[in-house]
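S.K.: Give the three-dimensional model of this entry:
(chains A, B, C and D)
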Number of protein chains: 2
Amino acid sequence: MTYQEGTIDSAFAALADPTRRAVFEAVIAEAQPVGMLASNFTVSRPAISQHLKVLSDAGLVDRQRVGTRNIYFARREGLQALRDYLNGFWDQALASYETGLDKWLKENKA
Amino acid sequence: MTYQEGTIDSAFAALADPTRRAVFEAVIAEAQPVGMLASNFTVSRPAISQHLKVLSDAGLVDRQRVGTRNIYFARREGLQALRDYLNGFWDQALASYETGLDKWLKENKA
DNA sequence: ACTTACGGTAAGGTATGACTTACCAAGAAG
DNA sequence: CTTCTTGGTAAGTCATACCTTACCGTAAGT
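M.R.: All right, here's what the predicted structure looks like:
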């Protein structure tokens, strides 16, 4: 496997929350400081900060300080890991025409 | 957008739990009845049943009754929706060389 | 220096989620 | 018809997740 299990775990968990996924989408659309992000959501700024930490720990975003501001931006490698993971399943799912229901029925006299 | 938000939501949430993702992987590898799945996990059979319900509601698996058995198998459409979603982001992330950190720095005299 | 802007972290409340055991319905088998 | 197998569901426990307010440190502006 080319990915780290821990990374995939945290990436899925990070994107599972709708609010946090929306934050991620906003960061992908445009690199932004925390306050600018928070102004587009109904939840408080600390909540956004916490979401950004989760996304950061999952390797999906990174940041750079500029004065007192923290500019968050997307990490392509994070998305890539998820894509690779799902593509692997996709290949297997395509191949599993013969590991699917039909195969089970055939092998179990049903 | 070609996908349903609700579907993506539930799919990410479904795959966020490590145990449930392992169940999903097992179902992808081979269609199986519930008991056979449960025998490969340390958690109880009802727990597996509940995980399968979540996966089913997320459109990632489906089932077919054979006698008293319920054979679960993977739904390719479920995986496809996730792939499409991530690929959309990927395209955007590739294009965002100019919506990334550099752009923000440029536009904000920093 | 003082004040304001920005944002990370702590503490705590509340909801959700994953798991357990107990129970029940339905089909297969004797 | 009775018995065993299979598996879905209910009820309850316990941990985790998300949010809030309060607080603090740091940099910028006047």
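
S.K.: what's the burial count for the residue in chain A that chain B sits nearest to?
M.R.: Chain A approaches chain B most closely through A:Ala16 (3.9 Å), counting by CB to the nearest CB. The C-beta positions use only the backbone N, C-alpha and C, and glycine is treated the same way. Close neighbours of A:Ala16, defined as other CB atoms under 10 Å in any protein chain shown, add up to 18.

S.K.: could you list every residue that touches the closest residue to it other than its chain neighbours?
M.R.: In space, and not counting its chain neighbours, A:Ala16 is closest to B:Ala16: 3.9 Å by CB to CB, 6 or more residues apart in numbering or on different chains. If you count contacts by CB atoms under 8 Å, 6 or more residues apart in numbering or on different chains, B:Ala16 has them with A:Phe12, A:Ala13, A:Leu15, A:Ala16.

S.K.: quick one: the first one is in a helix?
M.R.: So the one you mean is A:Phe12. Yes. Assessed with DSSP: H, G, I helix; E, B strand; the rest coil, A:Phe12 lies in a helix.

S.K.: Touching, it and B:Arg21? I think so.
M.R.: Yes. Here A:Phe12 lies in contact with B:Arg21, judged by CB atoms under 8 Å, at a distance of 7.1 Å.

S.K.: Between these two, which contacts overlap?
M.R.: Common contact partners of A:Phe12 and B:Arg21 (CB under 8 Å, 6+ apart): B:Leu15.
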